[in-house]
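[1] any chance you can model this:
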Amino acid sequence: MTNTATGPPLRAAETARPGPLLNLWGAAASPGALARVLLDPGRALPAPDLAGEPARRALEPVRERAEAERGSPWPQPLASQYARYFQDGDRTVYERNVFDRQDRLTRAVLMAAATGDDGWLAEAADGIVLLCEQSSWCWPAHEESCRPRGAVLPDPAVPCLDLGAGDVAAQLAWADQAIGERLDERFPGVRERVRAEVRARVLEPFTRRRDWHWLGLDGHVHNWCPWICGNVLVAALRLAEPGEERALQVALAVEGVDRYLAALPPDGSVDEGYEYWWNGACRALEALDVLAHATSGVLDAAGAPVVRATVRFPYLMHLGGGWYVNVADARARPPAGQPWDVLHRWARRV
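    Got it, this is the predicted structure:
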């Protein structure tokens, strides 16, 4: 595959090697067909219902944490912390501040959406703008621009699309889904800033470059592919303008998920183990949930045999209690706090 970093974007058909999804859907997953069936950005993402007693109970721990941190300084990732990865190999100090900042923003958005309170809306706006002003959304260990320049800080003009950048783009898209209209009323201009940053840092690099290692175009596909492509899908659906470019972004994201599922064996197993299943196959299932909603069910993956097979994998790896068969750097007693709702939903469907 030719490096197209400085050339025009490839069309989806130029990069496609049909896997289980593209074989199932055919031309319905092409950019042209997607441009016709994708819901508009205001309806393309499924909206959670935050009203009622079940939501109130679920949000209570979020509320307690959010109220405890409200009014305190936001976590601030620092240049010296970023540089440490290139100086002594430490990535955790910087990333801890990044993750803490994003977690706090999630809580603020949930509280703003659930309560309608302008104070929580202001808290969310602060977190959104802090992310927009962050020099890089890429985690230090994944940064491409530093070592070739002999630098220890990223070049904002050359954004690197990694797990971190994809996560931020999707988080901003979900925030826009939850409180976007109220942001327009109280903080006009913030949503335009979000769209500009996501386009420059994620959507444009995703369509322009086909040499990202995690795309698996060299035949080596791993869990980064559905993780990043799923987040790009969310960002494109909500934050891109309807039209050919948005449809191409979605089509390329679908290709990535398809390529990952094609790499799984017929029994749906994941060679990185049970714990990685949640950040590989489960990420693919989350993306397919969003895609089915955004296409009003036109692109439904329930008929793909590998999807049915991989839904069984966590069950097959369970030894009993909190113990699972695991390999590589995964744990035999992994954390229990996984998105079981995704697995439960798909198990019922297939």
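[2] for this structure, give me the ranges with low pLDDT.
    1-16 (pLDDT under 70).
[3] report the central residue of it.
    Geometric centre of the chain, nearest residue: N231, 2.5 Å, by Cα atoms, centre = their mean.
[4] host element of it?
    helix 224-239 (DSSP states H and E).
[5] who does that helix touch, helix- and strand-wise?
    Packed against helix 224-239, as judged by 3 or more Cβ pairs under 8 Å, 6 or more residues apart in numbering; DSSP states H and E, are the following elements: helix 163-186, helix 190-198, helix 244-263, helix 281-294. Where you see a C-beta, it was placed from the backbone N, CA and C, and this is true even at glycine.
[6] next helix or strand past the last one?
    Read it as helix 281-294. Following helix 281-294 in sequence, per DSSP H and E, is helix 305-311.
[7] that older thread, export the helices and strands packed on helix 224-239 to TSV and tack on mean neighbour count and distance to W227?
    Putting these into TSV (neighbours: other Cβ atoms under 10 Å; distance: least, Cβ to Cβ, whole Å) gives the following:
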stretch	mean neighbour count	distance to W227
helix 163-186	21	6
helix 190-198	19	17
helix 244-263	24	9
helix 281-294	23	5
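[8] relative to E67, which of the ones you listed is closest?
    helix 163-186 (17.9 Å; Cβ to Cβ).
[9] distance from that closest one to the middle of the chain?
    Counting by Cα atoms, centre = their mean, to the nearest Å, helix 163-186 is centred 12 Å from the centre of its parent chain.
[10] ok, now stretch 185-201?
    18 Å.
[11] from one end of that stretch to the other, what's the distance?
    26 Å (Cα to Cα, to the nearest Å).
[12] would you check that W323 makes contact with A332?
    Yes - assessed by Cβ atoms under 8 Å, W323 is found in contact with A332 at 5.9 Å.
[13] mind listing the shared neighbours of the two?
    Counting by Cβ atoms under 8 Å, 6 or more residues apart in numbering, no residue touches both W323 and A332.
[14] now the end-to-end length of stretch 257-272.
    End-to-end for stretch 257-272, by Cα to Cα: 17 Å.
[15] ditto for stretch 152-168
    Using Cα to Cα, the distance between the terminal residues of stretch 152-168 is 22 Å.
[16] now the helix or strand harbouring Y94 - C-alpha only, CSV.
    Following DSSP H and E, one finds Y94 within helix 92-115. The C-alpha coordinates for helix 92-115 follow below in CSV (Å, rounded to 0.1, in the frame of the first residue of the first chain):
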residue,chain,number,x,y,z
THR,A,92,2.0,7.3,33.4
VAL,A,93,2.3,10.8,35.0
TYR,A,94,1.2,12.6,31.9
GLU,A,95,-1.5,10.1,31.0
ARG,A,96,-3.0,10.1,34.5
ASN,A,97,-3.7,13.8,34.2
VAL,A,98,-5.1,13.3,30.7
PHE,A,99,-7.4,10.5,31.9
ASP,A,100,-8.5,12.4,35.0
ARG,A,101,-9.3,15.4,32.9
GLN,A,102,-11.4,13.4,30.5
ASP,A,103,-13.2,11.5,33.3
ARG,A,104,-14.1,14.8,35.0
LEU,A,105,-15.5,16.1,31.7
THR,A,106,-17.6,13.0,31.3
ARG,A,107,-19.1,13.6,34.8
ALA,A,108,-19.7,17.3,34.1
VAL,A,109,-21.5,16.5,30.8
LEU,A,110,-23.7,13.8,32.4
MET,A,111,-24.6,16.2,35.2
ALA,A,112,-25.4,19.0,32.8
ALA,A,113,-27.5,16.8,30.7
ALA,A,114,-29.4,15.2,33.6
THR,A,115,-30.0,18.3,35.7
